[in-house]
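Undergrad: Sequence plus predicted model, see below.
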Amino acid sequence: MSAILDLKLIDEADKYLDAEAQLTDFRMMGEKLFEVFGADEGRVSTQIRNLQQIAVSVRRLSDVEDFVKNQMGKKSGADSWRQVGEEILAHLARLRTEANHIATDEGQRLLLRAYLARGWVKAVVGAYLYAKASKEMSHA
């Protein structure tokens, strides 16, 4: 298994991530995350930072899925995660399906799933941050 993602697969993944339908879904997810988690005293929600950190640091998409499921199952703070968890898991499942469609080699699939998860979280957190800034500007 090669530890480097094939450039053709990266190109296909980027096309998927940049498609209008995905960008709209990602934006709506980011806005929903802001509605649910808000901001911690004007700063980015710890929950959003944790989601971002896990997505950019893991090697497998399943690690991100496990993080979301874990957050949904906790006693404290789980209500917020339960409001968005299933939708996040659905987004991640679509990323998994797309990776399976794009790559035929299992090693490349694993790398591609993580690549897609990082692209997804960048877009979603970007939308979250824009929603946060918009609210702050409207209250200024």
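TA: The structure has been received and is ready for your questions. As the structure is a computational prediction, the values presented were derived from the model and not from experiment.
Undergrad: Need the pLDDT of residue 121.
TA: Per-residue confidence (pLDDT) for residue 121: 97.
Undergrad: neighbouring contacts of stretch 81-99?
TA: Contact with stretch 81-99 is made by 13, 16, 25-26, 29, 32-33, 36, 47, 51, 61, 64-65, 68-69, 71-72, 74, 109, 112-113, 116-117, 120, 124, as judged by CB atoms under 8 Å, 6 or more residues apart in numbering. In this view, the C-beta of every residue, glycine as well, is placed from N, C-alpha and C.
Undergrad: ok now it, how far from the chain's centre?
TA: 8 Å (CA atoms, centre = their mean, to the nearest Å).
Undergrad: Quick check: mean pLDDT of it?
TA: Stretch 81-99 comes out at a mean pLDDT of 97.
Undergrad: Ok, stretch 42-58 next?
TA: The pLDDT scores in stretch 42-58 average 94.
Undergrad: Equivalent analysis for stretch 63-75, please.
TA: Mean pLDDT, stretch 63-75: 94.
Undergrad: what separates that stretch from the chain centre, distance-wise?
TA: Worked out by CA atoms, centre = their mean, stretch 63-75 lies 13 Å from the chain centre.
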